[in-house]
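S.K.: the following block contains a protein sequence and its predicted model.
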Amino acid sequence: MPSIARADRSARISAARVAGPRRSGRRKAAPAQSRNALLADFLAVCELDPAVELVRPAAGPVIFPVGDEEIEHLPDFELVRDGEAFLVDVVADADLIHHPLGPALIGGAVALDGRALHVETGSSLAAEPRRTTVRLVAACRHVTVSAGDRVRILHHLDECGVAPLVEVAGAAHNALDGVAAVLALAVEGLVSLDIDRPIVPETPVRRRKSPPAVS
């Protein structure tokens, strides 16, 4: 009997080694992004959003009416989108509760000059499918597009106005990856696609008028 007990104990030890250490059922929360990372994510979205015409650091503090008082606040950015001017703050989720304008953000804070304040948080910047789409496009930043492929892609869009991604990619004759070539031109600001939708064969691609002005 002792030999059987020792064998059983050895078997349990061997099984434990194969299975590895036990893990808690709780998953560790993802570490919060740094402010610099959030700012970089926001600017990446602006770079690829065809509706954004201008983005720049706010020139100075702005006055916001909050209840019976007026609060002076320096936003992070001034933004022009589809011809409309906005102010933007980029805030970590944990810091939102400490925002200077506080409860005024719930109903939408509007400065005395009429510009609305839009707040981007870590959660909003991580929203899918936009986050994945932006990262997939940005990953093609260093893809080299030959002069021939560049001309053929842009000419095709000039001719048809809008075309599915898989069709536009077919105009890239020299590239090993036609899709990557098209996305590289999106990074350059020469073509545009809807970053709020996933990258699929049917993704509409258009010729972009001009990239956003960043100062």
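M.R.: Sure, I can see it. Residues are numbered from 1 along each chain as shown.
S.K.: residues in contact with the residue nearest to residue 143 when sequence neighbours are not counted?
M.R.: With sequence-adjacent residues excluded and distances taken as C-beta to C-beta, 6 or more residues apart in numbering, residue 143 is closest to residue 184, at 3.9 Å. For glycine as for every other residue, the C-beta is placed from the backbone atoms N, C-alpha and C. Taking C-beta atoms under 8 Å, 6 or more residues apart in numbering as the contact definition, residue 184 lies against 140-145.
S.K.: can I see the domain layout of this protein?
M.R.: For the chain, automatic domain parsing gives the domain ranges 35-125, 130-210.
S.K.: all helices of the chain, in order?
M.R.: Under the criterion DSSP state H, the chain carries helices at the ranges 2-19, 35-48, 104-107, 122-125, 130-138, 147-160, 165-169, 178-188.
S.K.: tell me which of the ones you listed sits most buried.
M.R.: Stretch with highest mean neighbour count among those: helix 178-188 (a mean of 22; mean count of other C-beta atoms under 10 Å).
S.K.: quick one: that helix to helix 130-138, angle?
M.R.: Here helix 178-188 runs at an angle of 100 degrees relative to helix 130-138 (axes from the mean of the first three to the mean of the last three C-alpha atoms, to 10 degrees).
S.K.: alpha carbons of helix 178-188, as CSV, please.
M.R.: Listed in CSV are the C-alpha atoms of helix 178-188, where the atom choice follows Å, rounded to 0.1, in the frame of the first residue of the first chain:
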residue,chain,number,x,y,z
GLY,A,178,-1.9,46.1,-53.1
VAL,A,179,-4.1,46.8,-50.0
ALA,A,180,-1.0,48.0,-48.1
ALA,A,181,-0.2,50.3,-51.0
VAL,A,182,-3.7,51.9,-50.8
LEU,A,183,-3.5,52.3,-47.1
ALA,A,184,0.0,53.9,-47.4
LEU,A,185,-1.6,56.5,-49.6
ALA,A,186,-4.3,57.0,-47.0
VAL,A,187,-1.5,57.8,-44.4
GLU,A,188,-0.1,60.4,-46.9
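S.K.: so, low pLDDT: which residues of this structure?
M.R.: Regions of the chain meeting the criterion pLDDT under 70 cover residues 1-32, 211, 213-215.
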